[in-house]
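# Provide a 3D model corresponding to the input given below.
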Amino acid sequence: MLQFIIRRTVGAFVTLFLIGAATFFLFVAAPSDYASLACGKDCSPQRLADIREALGLNLPLAQQFWHFMSGIVTGRDFPAGHCSAPCLGVSFYSGDMVWSTIMDRFPLTLTLTAGGAVVFLLIGVGAGMLAAYRRGTLVDKVATGGSMVLSSFQIYFLGPVVLTILVYSTGWMEDPRYVPITQDPVGWFVGMSIPVCVMATIFTAQYTRMARSSMIEQLAEDHVRTARAKGMSRRYVFLRYAWRGSLIPIVTVLGIDVSSMLGGAVVTELTFSLQGIGRLAVDGAVNKDLPLTMGVMLFGAFFILLINILTDITYAWIDPRIRLS
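Predicted coordinates:
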């Protein structure tokens with residue numbers, strides 16, 4: 001297991017380095033003038049020259065790349081001050097350190113991701129497993145039909161509908177807002193409950209269908225039918241043999257979904273006017289804030305690789321044969 005983890009971790013670091021290099025050359029070494037974007041519209045030649053010197057754009061390209069990559073590990077000095085590691089640069093638009101800005105927005109996105117994952121895993125996977133166990137019954141038909149209906153909704157449609165009913169018309173709920181959990185746990189739960197539930201609703205439909213089909217496939221496997229032929233109860237075979245094997249496709253999709261949400265739940269944050277990583281990425285693109293855009297890209301790539309490693313470890317726990325592959 002240890003060699004398995006080390007191999008995956010080394011591969012992730014190599015991939016992250018290549019992503020960092022691609023990001024650097026895509027933005028910094030592109031034909032567009034990097035310094036002009038930082039200088040703004042009313043930019044004098046002297047100020048443009050000062051910005052080039054401050055950003056190190058007058059240095060050879062290889063040296064610029066070295067400063068960029070080493071700054072992520074050791075930090076870097078800018079005219080605005082010292083940028084501690086991991087240094088992702090200074091925002092053109094606000095003048096703040098990119099890493100600090102991302103960390104300010106990350107708790108909200110983490111709340112959306114973790115809360116949504118808990119809801120759609122408990123409800124979606126649970127409903128799918130129950131539908132497979134009671135295949136052909138009314139429970140199966142309700143779960144399957146409900147998932148098909150919910151899968152037709154989109155967050156940008158369902159969100160305003162829920163807000164209109166629960167917030168603006170009836171006043172049963174407060175307008176969604178983020179409050180740090182350490183400051184007000186109740187306010188944190190109430191303020192984020194609508195965005196979390198709306199986002200989880202879309203994923204719940206997907207995981208219900210996936211869990212049901214995966215479990216039905218497992219129940220048709222030879223080893224499961226052999227266990228039933230030996231006289232083991234259906235419930236025991238379901239929980240002892242079929243359940244674990246059905247988790248592999250669910251874990252695969254879960255890793256992709258969680259990593260993408262940690263990189264920014266863009267539609268959810270825009271729908272509910274929440275200031276998370278997704279909204280930050282949109283603001284960086286709109287304002288042509290290249291350091292901010294680069295920082296969000298690297299931050300999202302890091303979490304995609306991290307979740308992939310955790311997914312591989314989970315694979316090895318579910319099916320030990322994967323460790324040898």
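
# So for residue 128, what's the pLDDT?
We have a pLDDT of 91 for residue 128.

# and the gap between it and residue 163?
Residue 128 is 29 Å from residue 163, where distance means C-beta to C-beta, to the nearest Å. For every residue, glycine as well, the C-beta is placed using N, CA and C.

# neighbour count winner among those two?
Set residue 128 next to residue 163 and count neighbours by other C-beta atoms under 10 Å: residue 128 wins out with 28 against 19.

# who are the neighbours in contact with the more buried one?
Residue 128 makes contacts with 143, 147, 207, 208, 209, 210, 211, 212, 213, 214, 215, as judged by C-beta atoms under 8 Å, 6 or more residues apart in numbering.

# residues near the closest residue to it other than its chain neighbours, how many?
In space, and not counting its chain neighbours, residue 128 is closest to residue 211: 2.7 Å by C-beta to C-beta, 6 or more residues apart in numbering. If you count neighbours by other C-beta under 10 Å, residue 211 ends up with 26.

# What residues does residue 310 make contact with?
Applying C-beta under 8 Å, 6+ apart, one finds that residue 310 lies in contact with residue 255.

# what helices or strands is the helix or strand hosting residue 71 leaning on?
Using DSSP states H and E, residue 71 sits in helix 61-74. Under the contact criterion of 3 or more C-beta pairs under 8 Å, 6 or more residues apart in numbering; DSSP states H and E, helix 61-74 touches helix 2-27.

# and the angle from the helix it packs on to helix 61-74?
With axes from the mean of the first three to the mean of the last three C-alpha atoms, to 10 degrees as the basis, helix 2-27 and helix 61-74 are set at 130 degrees to each other.

# Tell me the buried residues in helix 2-27?
4, 8, 12, 16, 19, 20, 23, 24, 27 (16 or more other C-beta atoms under 10 Å).

# shouldn't the fifth one be in contact with residue 294?
No. The pair residue 19 and residue 294 does not pass the contact test of C-beta atoms under 8 Å, sitting 10.5 Å apart.
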